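> After the sequence you'll find the predicted model.
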Amino acid sequence: MSGSLSPRHLLSLAELSPATFESLLDAAERLRGPRGREPLLAGRRFGMVFFNASLRTRTAFEVASFDLGAHAVYLQVGGGLWSLEHRSGVVMDGAHAEHVKEGFGVLSRMLDAVGVRAFASLTDADEDARDAVIRSIAAASTVPVLNLESAMDHPHQGLADALTVRRELGGERVKVVVHWAPHVKPLPLAVPHAALLGFAHAGHDVVVAHPEGFDLEPGTLASARALAEARGGTVSVTHDRAEALHGARVVYAKAWGTRSLYGQPEAATAAVRAHPEWTVDGKAMAATDEAIFLHCLPVRRGVVVADEVLDGPQSRVLDQAENRLHVQKATLCHAMGVEP
Amino acid sequence: MSGSLSPRHLLSLAELSPATFESLLDAAERLRGPRGREPLLAGRRFGMVFFNASLRTRTAFEVASFDLGAHAVYLQVGGGLWSLEHRSGVVMDGAHAEHVKEGFGVLSRMLDAVGVRAFASLTDADEDARDAVIRSIAAASTVPVLNLESAMDHPHQGLADALTVRRELGGERVKVVVHWAPHVKPLPLAVPHAALLGFAHAGHDVVVAHPEGFDLEPGTLASARALAEARGGTVSVTHDRAEALHGARVVYAKAWGTRSLYGQPEAATAAVRAHPEWTVDGKAMAATDEAIFLHCLPVRRGVVVADEVLDGPQSRVLDQAENRLHVQKATLCHAMGVEP
Amino acid sequence: MSGSLSPRHLLSLAELSPATFESLLDAAERLRGPRGREPLLAGRRFGMVFFNASLRTRTAFEVASFDLGAHAVYLQVGGGLWSLEHRSGVVMDGAHAEHVKEGFGVLSRMLDAVGVRAFASLTDADEDARDAVIRSIAAASTVPVLNLESAMDHPHQGLADALTVRRELGGERVKVVVHWAPHVKPLPLAVPHAALLGFAHAGHDVVVAHPEGFDLEPGTLASARALAEARGGTVSVTHDRAEALHGARVVYAKAWGTRSLYGQPEAATAAVRAHPEWTVDGKAMAATDEAIFLHCLPVRRGVVVADEVLDGPQSRVLDQAENRLHVQKATLCHAMGVEP
């Protein structure tokens, strides 16, 4: 309902100023406590449009809204919602019944902010790299758009990741490994990007470790380097897993696919299955400096990570997930212009 | 929970008294303002049962409920809800697990009103013409039933349409064209019926313009004529598009299928694709008396209407959609016996 | 969010103490009145995870939460929610993207209690008999888990059944028939188990009547016998329908399948269709002592029960369904440690 000319979108951590990043983490810390159950957003309406499945993001935003006196409307594309076109200038004679211009134009008249989940297509590399779906939605919306995981970023995850490390390790600059892991199918780059950007924002020494051929987007790496350096941190990339684990205080496991096999699902699947030795097990964790283990969840046990790690004392994955709730309260307040 | 013998159903605009129609529009105007954020319906529960997809209707009712202190339960048939039988006296040995008698009998015990969306089957002309699904549900419900688009009507849309024209053109009696448009598949008659009835209620000179073979239901046309004449308006039908557009102050575009090809999907699809010249473009709008452009949404760009019209200064489709929110607050209050 | 070591799960009526059973019914009676609209659970969050469809359970819990000031989050597995693995120690390289350990571990951080619906597989007799899905979820959850119908039990149904009979017949010990009925496909045992256990808890003389081959689980029968005897009631099983109906004050109809044909869907389907004479019709009801008719719903008219019974004066199925609302308010309060 806002008439603001420039709504406070949160589309990518790369676009977030260091000051805003820090203020969101500080707000999340405050909102962990009783402040997070006050009616700071009384009467506000948040819409959540999911093009893909969700457990944590959906539940955390719905609970965050309720806790703060707001209401979250849950809309699932393909599950009771019209299929949406996002390209401009096309004749809509195919499967899409509605354009995002109308869909989000209308939602902007009924809601105070909108969250959107739209995973990478994994078929159109150019569209994914431009984050075309969420960018077109942001252009069509007159209220703030929050990215609930797009093709290229998952900012709420990156914020929760950084908050988890800050709370565990006290704000100290540490070595953090964003650790590639095997999977049964190729996954998008949004989460490793978000972790990389979140840890870079926090000024850590971030090591991205993966087998050859699994490079992240060069633009995201460059953004992360700039962010880290501004805070006295570093970003590096290695294919040497042992080197990466040595001295690490945080192991952040995540599977992702190779950009070079876009649109070739069989070869892309074979590629992510070709490095089973990258599964994070107790031996890998023992090679670190008593690192904590993080993963964004959902996680495939026995594929990405061994049960012994996930069920062991180094795992912080549930704390990390809980931090999504606190972080999302902070971004809701930010989007709606409320000081938490 | 009401023990009322005659719940305040809202099933069709044809059955609405002129006085009630006007009072709903007046209430919607009031509810646009701060009154629409007061807890007028505190503690009330509204159920929304969708047999089909929805964006606007669902979001508007959920937000309307929240804004007024009520709660809306969203139930999607085929998406977590049992499939429902509505015919009487049948042995239920097929796909339907529950009868509307039980389904809505139970919901009537837990809710204060129920909204139902049940599109036309497009396979059984007689059932559709009788609006059999929503009529059987209304018979089974002891609480008010609101029609969220049935086979034959979409009263909340017609109310929002009339409100939009009233607000744009100040209550003046004007020429309004309900303008048939091409589509990729045959669509039901509910929306053109609702627009026709809404504009007739408002006393406009309504011209229904379509190629030969796309007649609306004779009974609906007769109802609309009676309503319009009581208010000093008129209803006419033409196949001459130029004549229709001349002098028009409102162009209401909508695709619909031909009743004569019921149950023949291929021929019915060919029919709606056979008149591409009926797409509403800038040239058509230029032939009017500076008409505003309306469409209920969702709309297929480049098929029903050209981008230049939808994105241009004559379009009021987002205002029209927003008016759904205000109108639906009014019908919720009406159904629950609350003066807004 | 509770740090309790032993959350107040409600998984099976067999595990409920007689005192707790009675106190839940007493609470449900109080919560029928104005007490049921007070903010007893203000600020609490209840999650509902459905692996299967629902109308009554879902609506009743969502309304119960709202009526008491809480919020219910609705999560549908396979409808916007990741598919979940519940077995321990497996390599998750199949269809399941998330393990219940993580899924419910995370939900426990964001919610105050969780309800779970997970019907019997009807393919793995051992897993179903152990109620493996809901038991593994309860083990993974640090907040109370409510059973919204599992493979083996449907405790909220059994509570509502007992409450309905108590209200209709005034707490008197009566003859109650849990009456097998035909169906179009084999159904699980959860509901007949729940009815049996609920009526046993209430101290009635419960007769389970079914054709040969449709035995309930021996363990459940034994539990029911022990519960009934402690209250001065009895449990018996018969294949003689006339004997069962004679003197009955309650006929509780329900279709269920035969355990001996697990994993043989065609033979199991033929079996439930082989006894059409067990449909409950007016003649059957006339053979009772003016019994009331109950069914958990949804019900297939003309298959399980004749229209004349369901629409006749002996039917109490809508009261029974409404009692779900009151009972579920009681279990929510119990789970969250609130005296209603």
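Cool, the structure landed.
> Buried residues in stretch A:282-290, which are they?
A:284, A:285, A:287, A:288 (16 or more other Cβ atoms under 10 Å in any protein chain shown). Any C-beta I mention is one placed from the backbone N, CA and C, and that applies to glycine too.
> got a list of what the last one touches?
So the one you mean is residue A:288. Residues counted as contacts of residue A:288 (Cβ atoms under 8 Å, 6 or more residues apart in numbering or on different chains) are A:177, A:245, A:246, A:247, A:248, A:249, A:251.
> now the residues you listed in CSV, with pLDDT, distance to residue C:109 and neighbour count?
As requested, the contacts of residue A:288 are exported to CSV (pLDDT from 0 to 100; distance: Cβ to Cβ, whole Å; neighbours: other Cβ atoms under 10 Å in any protein chain shown):
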residue, pLDDT, distance to residue C:109, neighbour count
A:177, 98, 25, 29
A:245, 98, 28, 23
A:246, 98, 32, 14
A:247, 98, 30, 15
A:248, 98, 26, 25
A:249, 98, 23, 20
A:251, 98, 21, 26
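> Chain C versus residue A:324, what's the distance?
Counting by Cβ to the nearest Cβ, to the nearest Å, the separation of residue A:324 from chain C is 8 Å.
> what sits against that residue?
Counting by Cβ under 8 Å, 6+ apart, residue A:324 makes contact with A:56, A:57, A:60, A:156, A:157, A:160.
> which SS class is it?
Put simply, residue A:324 is helix when judged by DSSP: H, G, I helix; E, B strand; the rest coil.
> From chain B, how far off is it?
Per Cβ to the nearest Cβ, residue A:324 is found 23 Å from chain B.
> What sits closest to the residue of chain A most remote from its centre if chain neighbours are left out?
Relative to the centre of chain A, and counting by Cα atoms, centre = their mean, the farthest-placed residue is residue A:93 at 33.4 Å. Among residues not flanking residue A:93 along the chain, residue B:184 sits closest, at 5.0 Å (Cβ to Cβ, 6 or more residues apart in numbering or on different chains).
> So the one you found is in contact with residue B:300, correct?
Yes. Counting by Cβ atoms under 8 Å, residue B:184 does reach residue B:300; the two are 6.9 Å apart.
> out of those two, which sits in the more crowded spot?
The residue with more neighbours, out of residue B:184 and residue B:300, is residue B:300; 23 against 18, by other Cβ atoms under 10 Å in any protein chain shown.
> Which pLDDT does the model give the nearest residue to residue A:88 once chain neighbours are set aside?
Nearest residue to residue A:88 in three dimensions, chain neighbours excluded: residue A:136, at 7.4 Å (Cβ to Cβ, 6+ apart). Per-residue confidence (pLDDT) for residue A:136: 96.
> Return the distance of residue A:136 relative to residue A:151.
12 Å (Cβ to Cβ, to the nearest Å).
> what about those two, which has more around it?
A count of neighbours by other Cβ under 10 Å puts residue A:151 above the other of residue A:136 and residue A:151, at 25 against 22.
> Residue A:296: what secondary structure?
Secondary structure for residue A:296, judged by three-state DSSP, is coil.
> contacting residues for it?
Residue A:296 touches A:154, A:157, A:161, A:191, A:195, A:254, A:320, counting by Cβ under 8 Å, 6+ apart.
> Going through these, which ones are buried?
Buried members of these, scored by 16+ other Cβ under 10 Å, are A:154, A:157, A:161, A:191, A:195, A:254, A:320.
> Next, count neighbours for the residue lying closest to the second one once chain neighbours are set aside.
The reference is to residue A:157. Nearest residue to residue A:157 in three dimensions, chain neighbours excluded: residue A:194, at 4.7 Å (Cβ to Cβ, 6+ apart). Residues within reach of residue A:194, counting by other Cβ under 10 Å, total 31.
> what's near enough to touch residue A:194?
A:13, A:153, A:154, A:155, A:157, A:158, A:161.
> How about the secondary structure of the residue farthest from the centre of chain A?
Secondary structure for residue A:93, judged by three-state DSSP, is coil.
> Tell me if residue A:115 really is in a helix.
No. Residue A:115: not assigned to a helix; according to three-state DSSP it is strand.
> ok, how many other residues are close to it?
Number of residues near residue A:115 (other Cβ under 10 Å) recorded here: 28.
> roughly how far is the one helix or strand residue A:191 maps to from the heart of the chain?
Assigned by DSSP states H and E, residue A:191 belongs to helix A:190-201. For helix A:190-201, the gap between its own C-alpha mean and the chain's C-alpha mean amounts to 8 Å (Cα atoms, centre = their mean, to the nearest Å).
> Could you pull up the residues touching residue A:201?
Residue A:201 neighbours (Cβ under 8 Å, 6+ apart): A:13, A:16, A:18, A:21, A:158, A:162, A:227, A:228, A:231.
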